[in-house]
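**Q** please find the sequence and the predicted model below.
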Amino acid sequence: MKEFEVAKKAVISASNIIKKYFKNVGYSLKGRANPVTIADLESEKILRKEILKNFKNDSIISEEEKSIIKDKSRIWLIDPLDGTVNYAHSFPHFAISIGFIKDNNVLFGIVYDCIKEEFFWAVKGKGAYLNNTKIKVSSTKKLDSSLLATGFAYDRAEKSEFYCSFYSSFLKKSHDIRRCGAASLDICWTACGRIDGYWEFNLKPWDVAGGKIILEEADGKITDFSNKSFEFGFEKIKLWGIEVLATNSKIHQEMYQTIKENLKYWRKKYGKIY
């Protein structure tokens with residue numbers, strides 16, 4: 001598939017920029033805890049340039065620059081550097097993420113951790129891979145035997161009690177929880193069985209599009225907090241990530257029920273939460 005080969009080439013080129021600036025970069029803030037670095041910006045320029053050179057009429061939705069909306073049946077969702085807070089603090093856990101959608105189907109996804117040189121990828125119907133090795137989700141069947149992961153949105157200071165209530169609930173029901181700071185990798189680590197389930201609020205479509213197909217091709221499951229699959233159609237795609245529950249599928253119902261119970265409490269207390 002030409003699109004996949006173009007994306008792979010672009011990701012490798014962008015990763016060289018990210019590695020070049022790692023441990024030697026300053027940052028500015030888009031919000032209190034939302035940094036951006038020169039590596040984010042230069043990585044995105046490389047990805048956009050390579051895509052548009054080959055597919056000039058395609059649409060691109062990405063994090064740092066204004067979206068390019070042309071052919072709505074062909075959409076690239078790009079995160080040039082997922083885990084910028086980690087990157088800005090020289091914490092070696094971040095990735096480039098790309099998902100490509102054609103005619104309401106995610107055809108492939110790439111998530112590349114260029115420091116660990118772990119290239120997660122999937123093409124629809126052909127399975128999911130880490131580098132050249134096929135991957136599958138874990139066989140863990142119960143929440144009480146699970147290792148979970150989560151993240152906190154950029155409004156975490158204002159809503160810390162809300163977010164931590166979910167953390168507390170899952171901490172009581174699982175083996176443990178990791179909070180690594182890169183959503184695309186959390187989804188991919190679920191896909192390859194390093195963790196069993198992951199949840200997070202208020203992500204963006206570019207955070208999840210690449211990982212979504214990788215997880216699903218690895219026999220995992222990803223839904224919102226109503227236990228519904230992400231909806232297609234251009235306007236719906238732009239809403240992906242507001243609620244993310246990604247699991248090995250076997251513990252999905254237990255995790256969904258825990259989230260549902262917590263949301264019921266908060267909605268009764270405050271009404272609309274987010």
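**A** Great, that's in hand. Numbers count the residues shown, from 1 in each chain.
**Q** now K8: how far from F120?
**A** As judged by Cβ to Cβ, to the nearest Å, K8 and F120 stand 12 Å apart. (Glycine included, C-beta is placed from N, CA and C.)
**Q** who has more neighbours out of the two?
**A** Neighbour count, other Cβ atoms under 10 Å: between K8 and F120, F120 has more, with 28 against 16.
**Q** in the sheet, who's paired with the more buried one?
**A** Applying DSSP bridges to F120 gives these bridge partners: V111, L130.
**Q** any idea how far apart the tips of stretch 139-150 sit?
**A** Length of stretch 139-150, first residue to last, Cα to Cα, to the nearest Å: 20 Å.
**Q** quick one, helices of the stretch 1-150 of the chain?
**A** Counting by DSSP state H, counting those that start in this stretch, one finds helices in the stretch 1-150 of the chain at the ranges 2-21, 38-54, 84-88.
**Q** could you save the ones you listed as CSV and add columns showing mean pLDDT and distance to S249?
**A** Formatted as CSV, these follow (pLDDT from 0 to 100; distance: least, Cβ to Cβ, whole Å):
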stretch, mean pLDDT, distance to S249
helix 2-21, 97, 25
helix 38-54, 95, 31
helix 84-88, 93, 28
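**Q** so which of the ones you listed is nearest F230?
**A** Proximity to F230, assessed across the helices of the stretch 1-150 of the chain by Cβ to Cβ, is greatest for helix 2-21 (20.1 Å).
**Q** show me what that closest one is packed up against.
**A** In terms of contacts (3 or more Cβ pairs under 8 Å, 6 or more residues apart in numbering; DSSP states H and E), helix 2-21 is packed against helix 38-54, strand 71-82, strand 95-102, strand 105-113, strand 118-123.
**Q** list the buried residues in the longest one.
**A** If I follow you right, that is helix 38-54. Residues of helix 38-54 classed as buried under the neighbour-count rule (16 or more other Cβ atoms under 10 Å) are A39, D40, E42, S43, E44, I46, L47, R48, E50, I51.
**Q** with stretch 163-173 instead?
**A** So, applying 16+ other Cβ under 10 Å, buried residues of stretch 163-173: Y163, F166, Y167, F170, K173.
**Q** before we move on, what about stretch 171-187?
**A** K173, S174, I177, C180, G181, A182, A183, S184, L185, D186, I187.
**Q** can you pull the contacts of G26?
**A** Each residue near G26 by Cβ atoms under 8 Å, 6 or more residues apart in numbering is listed here: T37, I38.
**Q** right, I'll leave it there.
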